[in-house]
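Visitor: Sequence first, predicted coordinates after that:
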Amino acid sequence: MKSYIYGFILNIQFYSMIPLSLEVPIEKKNIERSVQTLPLFGLLQGAIYAGFLYILLAWTPLSPFAAAFLLWLLIIVLTGGLHLDAWIDTSDAYFSYQDKEKRLRIMKDSRIGAFGVLSLIVLLAARFLFIYEIILMADMYTYFFVLVIPYLGKNIMGMMLTNFPLAREDGMAYFYSKATGPKTLWIYPVYVLFLLIGSVLLGLESLLLLFIMLSVTYLLYIFYRRKSLKWFGGITGDVTGAAGEGVEISLWMTVWLFHYYVMG
C-alpha cells in the first residue's frame, strides 16, 4: 500500500502544481505504481474541476462567461501547462510533414514554431467554447462528466506508456515504460467498474452517456496507436502528453454535444 501512495504522490508532483514537498524514492516499483494510480490522479483533477464549477455556479453571482473563464484558467494553472507544451511540440513535429527522424528532432527543439502556436490557440479556444456552452446548459449530470474527463485522459496516457512501442530510447516515455509490464494495467478495469457503478447510481441516462465517453476514448486509443507508429515510430513523452490533451478536448466536445442533443 505504501508504494501506491508513493506512486500517487509522484503523479501529483509531476503532473500538477499542487504544492507537495514530500520526498519519494524514485524506484522502479514506485514508478510502476504511479502509472497504476494515474487514473486516480485524473479523478482528483476532475473532482477539483467539478467542485470548483459547483461553487462558481451555486455560491457566487458570477456570470456564466466569468465562471467558464475561471474554470478554463484553473485547468491551465493546476497542470502548469505541462501537456500544453507537449501539444505544441508534437504539433510542430507533425505539421512539419517530414520523415520520422526529422519529426523527432523537431520535437526535441526548444524553439516554438508557427504550427505549434496555432494549434495551441485552437485547443484553448475550443476548450473555452465547450466549457462556456456546457455551463449555459448545466444540469445534475454535468458535474459527473466534468469529473470523468481528466480521468479518461490519464487512462489513455497510462495505457500508452505501458503498451505502445517507444520512438527513442530516452526521455520520459522510456523512463516510465521500463518500469512497467503487461500486468501493470490490471487495476484499470477495476477503476472503470467503479465508474460504471457510480453512473448507474445517477440513472440509466448517465450510464448511456458514460458508455459513449468510454467508446470515444477507446477509438482514440486505437487511433493514437496507429498514428504514433506511422508519424513518429512510437511514443515519446511529448506524444503521450499531447494524446492526453487530445482525449480531453475530444471528451469536452462530447459532453458539449450531450447537452445539445441528449440532455437538452
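Guide: Happy to help now that I have it.

Visitor: tell me the contacts of the residue nearest the centre of the chain?
Guide: For the chain, the residue sitting closest to the mean C-alpha position, by CA atoms, centre = their mean, is residue 153 at 3.0 Å. Applying CB atoms under 8 Å, 6 or more residues apart in numbering, we find residue 153 in contact with 42, 244-245, 247-248, 251. (C-beta placed from N, C-alpha, C; glycine too.)

Visitor: ok, now with 7 Å
Guide: 42, 244, 247-248 (CB atoms under 7 Å, 6 or more residues apart in numbering).

Visitor: One more: residue 198?
Guide: Residue 198 neighbours (CB under 7 Å, 6+ apart): none.

Visitor: Quick one: classify it as helix, strand or coil.
Guide: helix (DSSP: H, G, I helix; E, B strand; the rest coil).

Visitor: Likewise for residue 23?
Guide: coil.

Visitor: Skipping its backbone neighbours, what lies nearest the residue nearest to the centre of the chain in space?
Guide: Leaving aside its chain neighbours, residue 153 sits nearest to residue 248 (4.1 Å; criterion: CB to CB, 6 or more residues apart in numbering).

Visitor: What are the buried residues along whichever strand or helix holds the one you found?
Guide: For residue 248, the host element (DSSP states H and E) is helix 237-261. Residues of helix 237-261 classed as buried by neighbour count (16 or more other CB atoms under 10 Å): 237-252, 254-256, 258-259.

Visitor: ok so, going back, the residue nearest to residue 153 is in contact with residue 150, isn't it?
Guide: Yes: with contact defined as CB atoms under 7 Å, residue 248 counts as touching residue 150 (6.3 Å).

Visitor: can you tell me which residues contact the residue nearest to residue 153?
Guide: 149-150, 153.

Visitor: how does it look with 8 Å?
Guide: Counting by CB under 8 Å, 6+ apart, residue 248 has contacts 149-150, 152-153.

Visitor: What of residue 200?
Guide: 206-207.

Visitor: how does it look with 6 Å?
Guide: residue 207 (CB atoms under 6 Å, 6 or more residues apart in numbering).

Visitor: From residue 194, how far off is it?
Guide: 11 Å (CB to CB, to the nearest Å).

Visitor: what's in contact with stretch 178-190?
Guide: For stretch 178-190, using CB under 6 Å, 6+ apart, the contacting residues are 28, 31-32, 35-36, 162.

Visitor: try 7 Å this time
Guide: By CB under 7 Å, 6+ apart, stretch 178-190 touches 28, 31-32, 35-36, 39, 155, 158-159, 161-162.

Visitor: Give me the buried subset of these.
Guide: By 16+ other CB under 10 Å, the contacts of stretch 178-190 give 31-32, 35-36, 39, 155, 158-159, 161-162 as buried.

Visitor: between the contacts of residue 153, which is nearest residue 123?
Guide: Closest approach to residue 123 among the contacts of residue 153 (CB to CB): residue 248, at 9.6 Å.

Visitor: longest single helix anywhere in the chain?
Guide: helix 204-232 (DSSP state H).

Visitor: Secondary structure and pLDDT for the buried ones among the contacts of stretch 178-190 - can I get that in CSV?
Guide: CSV is the format used below for the buried ones among the contacts of stretch 178-190 (DSSP: H, G, I helix; E, B strand; the rest coil; pLDDT from 0 to 100):
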residue, secondary structure, pLDDT
31, helix, 90
32, helix, 91
35, helix, 93
36, helix, 93
39, helix, 95
155, helix, 94
158, helix, 93
159, helix, 93
161, helix, 91
162, helix, 91
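
Visitor: Next, format those residues as JSON lines and append distance to residue 132.
Guide: Shown next, in JSON lines, are these (distance: CB to CB, whole Å):
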{"residue": "31", "distance to residue 132": "38"}
{"residue": "32", "distance to residue 132": "39"}
{"residue": "35", "distance to residue 132": "34"}
{"residue": "36", "distance to residue 132": "35"}
{"residue": "39", "distance to residue 132": "27"}
{"residue": "155", "distance to residue 132": "26"}
{"residue": "158", "distance to residue 132": "30"}
{"residue": "159", "distance to residue 132": "31"}
{"residue": "161", "distance to residue 132": "33"}
{"residue": "162", "distance to residue 132": "35"}
